[in-house]
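>>> Starting from these lines, generate the structure:
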Amino acid sequence: MEFFESDCFGMHRLYEEEQQHWDYYNMGLHDETYHDESDITNQEVQNENSDIGYDADDDDAQTGEEQEDGTPQEQQGHRRANREMSLDEKRQLDEILVNMEGDSLPFGFLSKLAKKHKVHISTTTRWFQVIKKHLGEGIVIDARTKKLGKTGPKLKVYLDEWLVSVPLYKRTTERSYAAALHVSSSVIHRLKKGRLRTHTSTNHPALTDNHKIARLKWVLSFMNPIPAVGDPTFRDMQYTIHIDEKWFYLNPETRTFYPLPNEQDPYRAQQSKRFKLKAMFMGMVGKPLYDNNKNLLHDGKYGLFPFVKYEIAKKKSKNRDKGTLEHKGSPVC
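Residues are numbered from 1 along each chain as shown. Have a look, this model is predicted:
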């Protein structure tokens, strides 16, 4: 029982301390007024490290820690486009020199300056320490970055052998391709901008040797008699008509309409989705015909003829009255 009471008392004390922390944070006093022992220790360590010099990597690391903890830098949602300040932005920190009173600044000045430039308060504090150090040594304040050479993540190289190692049936989508390579799908999306290409594959007829021979004979049948001298030629097919049949559904599965905003969506229904109403048409086309003066005689479009028959309804039904002329599909032999 005594252990339970002491445990409850400890939890209540921790709750009061956490509530006090949040009260200071909401009042805007979390960076200047309220500091516990751990904050004082951390500030002393930062002051010792600031004497060594400025390191831009610390800004990146601290910024990353703030983002990983889920604490936003700006509650209004205004975040910097770049994690690191540019040289021109660093030169705008000359407000520190203008407002310096000896070796100190007015109360809350660094916090307001951090909000103005949308950076963490540790960044302005670090630059204040650098400015004081340079002024004490009597040297020019250097705002350039201390990073040498190329910075940032190293460019990853993806070999063609590694990309081709995945079979084609696993390279149909970005997610399946990335899962086979054990990488993120964003990697495949970036590779599509130069390394990979999109190809739409269609099924082709599986031709046998007999099919190929029959097709070759059919093509050779359009050749003119082979002359004794010169290359063989094909017929100009000037008087050849191409005929083909085509099925058309009277009520397609999907149709696109362009109604007005105040119009109702059209409602379509059919008796069966498996046995759809369809009709066969025969199309006839040929080459356009011209005379010797290149005047058009015929455009080559002979017509599109339906295979239907027209009958008069002998009985009345719910769809039409008796005597209505209707068309029905005609069998094709």
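>>> Distance-wise, check H211 relative to T202.
18 Å (C-beta to C-beta, to the nearest Å). The C-beta positions use only the backbone N, C-alpha and C, and glycine is treated the same way.
>>> Which of the two has more residues huddled nearby?
H211 (11 against 4; other C-beta atoms under 10 Å).
>>> Can you tell me the SS state at that one?
Assigned with DSSP: H, G, I helix; E, B strand; the rest coil, H211 falls in the helix class.
>>> Can you give me the neighbour number for the spatially closest residue to it that is not a sequence neighbour?
With C-beta to C-beta, 6 or more residues apart in numbering as the criterion, H211 has its nearest non-adjacent residue at 7.8 Å, and that residue is P205. Residues lying near P205 (other C-beta under 10 Å) number 6.
>>> what are the ranges of the strands in the protein?
Counting by DSSP state E, the chain has these strands, from start to end: 241-249, 278-286, 289-290, 296-298, 301-306, 308-312, 325-329.
>>> Give the residue spans of the stretch 51-200 of the chain that score low on pLDDT.
For the stretch 51-200 of the chain, the stretches with pLDDT under 70 are 51-84.
>>> if we can go back for a sec, deepest-packed of the strands of the chain, please.
Counting by mean count of other C-beta atoms under 10 Å, strand 278-286 has the highest mean neighbour count of the strands of the chain, with a mean of 15.
>>> With just CA atoms, put that one into CSV.
Extracted C-alpha coordinates of strand 278-286, given in CSV (Å, rounded to 0.1, in the frame of the first residue of the first chain):
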residue,chain,number,x,y,z
LYS,A,278,-25.2,-6.3,-82.1
ALA,A,279,-25.3,-6.0,-85.9
MET,A,280,-22.9,-6.9,-88.6
PHE,A,281,-21.9,-4.4,-91.3
MET,A,282,-19.9,-4.9,-94.5
GLY,A,283,-17.5,-2.1,-95.5
MET,A,284,-16.1,-1.6,-99.0
VAL,A,285,-13.2,0.7,-99.7
GLY,A,286,-10.7,1.1,-102.5
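>>> Contacts made by it with the rest, please.
Residues outside strand 278-286 that contact it (C-beta atoms under 8 Å, 6 or more residues apart in numbering): 239-250, 298, 300-308, 329, 332.
>>> Give me the mean pLDDT for stretch 202-217.
What stretch 202-217 shows for mean pLDDT is 92.
>>> so how far does that stretch reach from one end to the other?
For stretch 202-217, the first-to-last residue distance is 26 Å (C-alpha to C-alpha, to the nearest Å).
>>> And that stretch, what's buried?
Under the neighbour-count criterion of 16 or more other C-beta atoms under 10 Å, stretch 202-217 has nothing buried.
>>> Begin at 477, not 1, for the rest of this chat.
Got it, first residue is 477 now, which makes that one stretch 678-693.
>>> can you give me the offset of that stretch from its chain's centre?
42 Å (C-alpha atoms, centre = their mean, to the nearest Å).
>>> what's the answer for stretch 761-775, then?
Here stretch 761-775 is found 51 Å from its chain centre; the criterion is C-alpha atoms, centre = their mean.
>>> And stretch 734-754, by the same measure?
Centroid separation for stretch 734-754 versus its chain: 33 Å, with C-alpha atoms, centre = their mean.
>>> right, so of the strands of the chain, which gets closest to Q740?
Of all those, strand 717-725 sits nearest to Q740, with 24.3 Å by C-beta to C-beta.
>>> just the CA coordinates of that closest one, formatted as PDB?
Taking C-alpha atoms only, strand 717-725 is exported to PDB below (Å, rounded to 0.1, in the frame of the first residue of the first chain):
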ATOM      1  CA  ILE A 717     -11.800  -3.200-103.700                       C
ATOM      2  CA  HIS A 718     -11.300  -4.300-100.000                       C
ATOM      3  CA  ILE A 719     -14.300  -5.900 -98.300                       C
ATOM      4  CA  ASP A 720     -14.500  -6.700 -94.600                       C
ATOM      5  CA  GLU A 721     -17.200  -7.400 -92.000                       C
ATOM      6  CA  LYS A 722     -17.400  -5.800 -88.600                       C
ATOM      7  CA  TRP A 723     -19.600  -6.400 -85.600                       C
ATOM      8  CA  PHE A 724     -21.000  -3.300 -83.900                       C
ATOM      9  CA  TYR A 725     -22.800  -3.300 -80.500                       C
END
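>>> That strand packs against which elements?
On a contact count with 3 or more C-beta pairs under 8 Å, 6 or more residues apart in numbering; DSSP states H and E, strand 717-725 meets strand 754-762.
>>> One more pass at 10 Å, please.
In terms of contacts (3 or more C-beta pairs under 10 Å, 6 or more residues apart in numbering; DSSP states H and E), strand 717-725 is packed against strand 754-762, strand 777-782.
>>> Between the ones you listed, which one is closest to T600.
Nearest of the helices and strands packed on strand 717-725 to T600, taken as C-beta to C-beta: strand 754-762 at 76.0 Å.
>>> Let me know the angle separating the closest one from strand 784-788.
Counting by axes from the mean of the first three to the mean of the last three C-alpha atoms, to 10 degrees, strand 754-762 lies at 130 degrees to strand 784-788.
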